[in-house]
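Enquirer: turn this into a model:
(one chain, ligands or ions: 1)
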Amino acid sequence: MTAQQRIYSRIAGTGSALPKRVVTNDELAQRVDTSDEWITARTGIRQRYVAGEGETTVSLARDAAIQAMDAAGVGPGDIDMIVLGTTTPNLIFPSSACLLQAELGIVGCPAFDVNAACSGFIYAMTVADKFIRTGDAKTVLVVGSETLTRMIDWSDRGTCVLFGDGAGAAVLRADADTGILSTHLHADGSKKELLWNPVGVSEGFKPEEENAGVRVLMTGNDVFKHAVKALDSVVEETLEANGLDRHDIDWLIPHQANLRIIEATAKRLDMPMDRVVVTVDQHGNTSSGSVPLALDFAVRSGKVQRGQLLLLEAFGGGFTWGSVLLRY
Ligand code: ACO
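Expert: Numbering: from 1, shown residues only. Purely as a prediction, here's the structure:
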């Protein structure tokens, strides 16, 4: 290899995992004042998967990782780094990445979590890509896994209809052939109260206060506006950085929070919806799990083909947002 030859991170295999239990909109309508019509019209969500006993962020991550490693043709001994995007870790520590490492029988390689809420997988892919491009890692397991329903207020119709649980994984390998072309990350911590879970270790658990309890709080329509604007801008930034026209993208693989947000980004790209991977109807918003779940669905269903140009993007609590442009 010449000194000038660039190393790329290529997706060698993908995998995903969902809990066993499906909860439909009609089932939720029996618990809170909502309806299948409202949820479908406002979000595109028809059902979501909810983790049951024994199903955790780490167990879902493990099942997705095993599938991705099988697809990539690599074993535990080949993995030299694990990056796990999650905002619902099994424990405060050790990190879920370390727990996953143990489940996979891997010892010694670095393993750490990335908490960027719904942008977790995009952030994790970006970190992995940097390690591969500098030559510090050759085969990286990147996972997005969540059990968000464990911190949902099931009496709040504004949030409980939106979220689901699940995990997706990708094995990234160093390659001379084109893979990840660019990554773009952003954050704005000044709007935290629009989408947050105000419980923590250092600020303390304050059971006596209003809004206490481990639960997601969201001002949905404000988040919606910020999401559309931020995603528009990161899509433009990605195209410009790569000297691409919006019509060059083969597939948009967006964060699956709301079909209306996805449609707005597709419109910006002048992309017909049949070139946009949509799983929000089946999975709801699985936060960090959403993009890799959609990616794995697109790969396994034969939609995405080798050599095609994919644009992955996400927006979430923080706020955080970002994109990954790659040749599959
Ligand atoms: N069923 C029936 N009515 C409802 C429900 C429900 N489940 N939820 C809210 N409503 C009512 C509201 O009370 C309100 O009633 P009112 O007009 O009488 O006051 C009305 O519906 C409209 O409420 P809005 O919040 O304005 O509805 P909107 O069209 O904005 O849709 C939604 C709400 C779906 C939450 C949307 O705003 C959204 O998707 N926001 C973005 C979510 C997102 O992208 N999050 C980022 C990632 S999440 C993460 O990072 C963890």
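
Enquirer: now do the contacts for the residue of the stretch 101-250 of the chain found nearest the ligand.
Expert: With CB to the nearest ligand atom, the shortest gap between the stretch 101-250 of the chain and the ligand falls at Gly220, namely 2.8 Å. C-beta coordinates here come from the backbone N, C-alpha and C atoms, glycine included. By CB atoms under 8 Å, 6 or more residues apart in numbering, Gly220 lies in contact with Gly158, Thr159.

Enquirer: may I have the phi/psi pair for it?
Expert: Dihedral angles phi and psi of Gly220 (degrees, to the nearest 10) take the values phi -50, psi -50.

Enquirer: ok, now which ones touch the closest residue to Gly105 other than its chain neighbours?
Expert: Leaving aside its sequence neighbours, Gly105 sits nearest to Pro76 (CB to CB, 6 or more residues apart in numbering; 5.1 Å). Residues in contact with Pro76 (CB under 8 Å, 6+ apart) are Met69, Leu104, Gly105, Ile106.

Enquirer: sec struct for Ala167, please.
Expert: strand (DSSP: H, G, I helix; E, B strand; the rest coil).

Enquirer: chain center to the least confident helix or strand in the chain by mean pLDDT, what's the gap?
Expert: Least confident helix or strand of the chain, by mean pLDDT, DSSP states H and E, is strand 217-218 with a mean of 92. Taking CA atoms, centre = their mean, to the nearest Å, one finds strand 217-218 lying 19 Å from the centre of the chain it belongs to.

Enquirer: so who does the nearest residue to Asp153 once chain neighbours are set aside touch?
Expert: Counting by CB to CB, 6+ apart, Arg215 is the residue found nearest to Asp153 once chain neighbours are left out, at 4.2 Å. By CB under 8 Å, 6+ apart, Arg215 lies in contact with Met151, Ile152, Asp153, Asp156, Thr159, Asn197, Val199.

Enquirer: ranges for the helices of the stretch 201-328 of the chain?
Expert: 220-241, 259-268, 280-283, 290-300 (DSSP state H, counting those that start in this stretch).

Enquirer: please report the distance of the residue nearest to the spatial centre of the chain from Gly243.
Expert: In the chain, the residue lying closest to the centroid (CA atoms, centre = their mean) is Ser288, at 2.9 Å. For Ser288, the distance to Gly243 (CB to CB, to the nearest Å) stands at 30 Å.

Enquirer: repeat for Val58
Expert: Here Val58 is placed at a distance of 41 Å from Gly243 (CB to CB).

Enquirer: same deal with Thr24?
Expert: Note on Thr24: its distance to Gly243, by CB to CB, is 45 Å.

Enquirer: and the two? which has more neighbours close in?
Expert: Of the pair Thr24 and Gly243, Thr24 is the one with more neighbours under other CB atoms under 10 Å, namely 14 against 7.

Enquirer: so what's the more buried one bridging to?
Expert: For Thr24, the beta-bridge partners are Gln47 (DSSP bridges).

Enquirer: if we can go back for a sec, now do the same for the residue nearest to Gly105: its pLDDT.
Expert: We have a pLDDT of 97 for Pro76.

Enquirer: residue numbering should commence at 728 henceforth.
Expert: Yes, from this point I'll number from 728; that puts the last item at Pro803.
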